[in-house]
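# sequence unavailable; structure follows:
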């Protein structure tokens, strides 16, 4: 069979012979490994002094043909059948295209290896190969050796060290391939440690050459850390920050903290990991925990400083609870003692607010007369999303500056009353909308600054959820909080917002009517047009003497002298209508339009 294959290479139908040429030949003792081109194909073969030993047939790729010839030689002479360490000709090692694609598809990595090996007495870690000479671990090293040998006519590395392993099947080979090369996807920690080693080698080489009086390129061009930073593809400052973090993690005696810190370095930014150094050592683990949400993911837009302030605030709150518990256990306290406790509590709250960066403008509290109206509509309050630390609002659940209502896990469930934060009205309303859309909020009253009516995004939220609006007459006398009074002692004589309004959400039309009944004595109430249409179907209108009424809008039709009809409703009119039925239809349309214009946006 093999002889026939070789003969086919020299035969061609007809009188002319095809073009053939040997593109690669390797002589090893009496054996010759060949790759011959034949038109647009390649034929690998193995010969000895007696003639052809093996022929691989037609192959479309020259590299594959060469690998096949090498593997035939390795198998024929059982070159890699004995496990253990050996030195072999690098040309008898095989880099499979699949392995090359994964492990040496990084020219920068190969170039670094070339630089490392292009020295006077290079040392190379043994390559792991299987019983056929296929490289399992060391593809990049082999590529670097191949490049260096190409520069020196094969004299640089005539032989390379290998570790030979026998694999029973291809699956075992692939598992070992994955295991041996898994380190190539390095963590940030590993990358910085590797860079530290590079820096140490650089510095020691410079010192050695200086002691010898040698003037080298390394000594002349820039600082060692700059060269290492350029090698790993980062800036000098970033690299130095990474070194500082890694050094601190390596020195950390608390194994749990070191593990969490390493995770933060990998998943967060270098700055976050570095900023942990500014936190007292006893608080570092708590701060790192605070940076993650309950699902184990980093919280968005939360800095180390913010997390540290939250940790300090929680400590103050715990101390407050403990103090409160102790005071409740005592009896017969003097009035002066109760006053002191109240003052201490206020001081504690102020500390927490300042630690967490609370804004004075968000400390206008809801007066009791407003709360009474809210409770009359809702019955009970399930969630107060923007509670003060004293939890003045009688809700079943409170979210405070120390337990933010914006955290993903803190849902606004059931009946909600929210005194919307003055400092970030848009963000509050977007979260309110999200809670409605996701089905958590069932009924809600939002006390807002009138600015919601003049912002397109909040307008869309009000429209989307068909909210009723009560524009409060005059000013609400909000209660200034301690943080606000500390910042502005005269705040007690003014109101926090010049104009206030209430937004009401529910999917129950009867509750919309109830809200209107309760709040309409205190301000004009606007409803979405769907509310009006629900309460009275325009198609069920009764007409008498060409007149009717849709809620509070009067409708009328009349026939003009020319015999055509005129429709009127809500101060608008439409003429030149064909008959009474068409006039009634247009009168209803004008009424609906009039009701829809009962909208504070317009």
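Arrived safely, thanks for sending. All values derive from a computational prediction rather than experimental measurement.
# pretty sure residue 575 sits in a strand.
Yes: judged by DSSP: H, G, I helix; E, B strand; the rest coil, residue 575 forms part of a strand.
# what residues are up against it?
By C-beta atoms under 8 Å, 6 or more residues apart in numbering, the contact list for residue 575 reads 560, 564-567. All C-beta spots, glycine's among them, are computed from the backbone N, C-alpha and C.
# kindly recompute the last result at 7 Å.
By C-beta atoms under 7 Å, 6 or more residues apart in numbering, the contact list for residue 575 reads 560, 564, 566.
# would you mind measuring from the last one to residue 580?
Between residue 566 and residue 580 the computed distance is 11 Å (C-beta to C-beta, to the nearest Å).
# intersection of neighbour lists for the two?
With C-beta under 7 Å, 6+ apart, residue 566 and residue 580 have common neighbours residue 557.
# if we can go back for a sec, what's the ChimeraX syntax to select whichever of the contacts of residue 575 are buried?
Entered in ChimeraX, the line below selects the buried ones among the contacts of residue 575, by 16 or more other C-beta atoms under 10 Å:
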select :566
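# out of the contacts of residue 575, who's nearest residue 380?
Among these, residue 566 lies closest to residue 380 (C-beta to C-beta), at 52.3 Å.
# the host helix or strand of that closest one: which residues count as buried?
Using DSSP states H and E, residue 566 sits within strand 565-569. For strand 565-569, the neighbour count (16+ other C-beta under 10 Å) marks 565-569 as buried.
# next one: stretch 457-465
The neighbour-count check on stretch 457-465 (16+ other C-beta under 10 Å) flags 458-459, 461-462, 465 as buried.
# repeat for stretch 49-65
Across stretch 49-65, burial judged by 16+ other C-beta under 10 Å covers 52, 54-56, 58-59, 64-65.
# and stretch 223-243, by the same measure?
Buried residues in stretch 223-243, defined by neighbour count with 16+ other C-beta under 10 Å: 224-225, 228-229, 231-232, 234, 239, 241-243.
# any chance of these in JSON lines, plus pLDDT?
Formatted as JSON lines, the buried residues of stretch 223-243 follow (pLDDT from 0 to 100):
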{"residue": "224", "pLDDT": "77"}
{"residue": "225", "pLDDT": "82"}
{"residue": "228", "pLDDT": "81"}
{"residue": "229", "pLDDT": "82"}
{"residue": "231", "pLDDT": "76"}
{"residue": "232", "pLDDT": "74"}
{"residue": "234", "pLDDT": "81"}
{"residue": "239", "pLDDT": "88"}
{"residue": "241", "pLDDT": "91"}
{"residue": "242", "pLDDT": "89"}
{"residue": "243", "pLDDT": "89"}
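# tell me which of the residues you listed fall in helices.
Counting by DSSP state H, the buried residues of stretch 223-243 place 224-225, 228-229, 231-232, 239, 241-243 in helices.
# how about the helices in the stretch 251-400 of the chain?
With DSSP state H, counting those that start in this stretch as the criterion, the stretch 251-400 of the chain has helices at 255-267, 270-275, 284-290, 304-329, 335-355, 368-378.
# worst mean pLDDT among the ones you listed?
Per-stretch mean pLDDT for the helices of the stretch 251-400 of the chain is lowest at helix 335-355 (a mean of 69).
# which one of the contacts of residue 575 is nearest residue 553?
residue 566 (16.6 Å).
# which residues does the closest one bridge with?
residue 558 (DSSP bridges).
# use 18 as the first number from now on
In the new numbering, first residue 18, that becomes residue 583.
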